[in-house]
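# turn this into a structure:
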Amino acid sequence: EVQLVESGGGLVQAGGSLRLSCAASGFTFDDYAIGWFRQAPGKEREGVSCISSDGITYYTDSVKGRFTISSDNAKNTVYLQMNSLKPEDTAVYYCNARYNPTGADYWGQGTQVTVSS
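Reported below is the predicted structural model:
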């Protein structure tokens, strides 16, 4: 059974930091691109960051210089270190795993991040 389990969300003041974790199981972790998406109330889900199976990273412009994605393949876990958090970062953050050759696509249940001003 494929599982993506996010953790690490919470309430933090503006300027603070959080580290999200996405623990994966049930598939060949090394073959997948792992990404973080977020969805704020009343808004569409947007891509935040991802790391390819080759270790190439991507960040959306609004988080560049503040967020860092990393992968621990031995633990089948991807992290999103979020620094200098802003109220506009408030959202439910979702982990996604995608295998591009087949389009296989899995989602976690989400973790809430709330940044107070």
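
# can you get me the start-to-end distance on stretch 37-56?
Using Cα to Cα, to the nearest Å, the end-to-end distance of stretch 37-56 comes to 17 Å.

# buried ones in stretch 53-68?
Neighbour-count burial for stretch 53-68, counted by 16 or more other Cβ atoms under 10 Å, picks out 53, 59, 63, 67. Every residue, glycine included, has its C-beta placed from N, CA and C.

# I figured residue 30 hits residue 73, correct?
Yes. Proximity of residue 30 to residue 73 meets the contact threshold set by Cβ atoms under 8 Å, at 5.7 Å.

# can you pull the contacts of residue 14?
Neighbour list for residue 14: 85, 86, 87, 115, 116, 117 [criterion: Cβ atoms under 8 Å, 6 or more residues apart in numbering].

# now do the contacts for the most centrally placed residue in the chain.
A centroid search over the chain (Cα atoms, centre = their mean) returns residue 36, at 2.7 Å, as the residue closest to the centre. By Cβ under 8 Å, 6+ apart, residue 36 lies in contact with 20, 22, 47-50, 69, 78, 80, 93-96.

# out of the buried residues of stretch 53-68, flag the one nearest to residue 11.
Distance to residue 11 across these (Cβ to Cβ) is lowest for residue 67, with 17.9 Å.

# perfect, that will be all.
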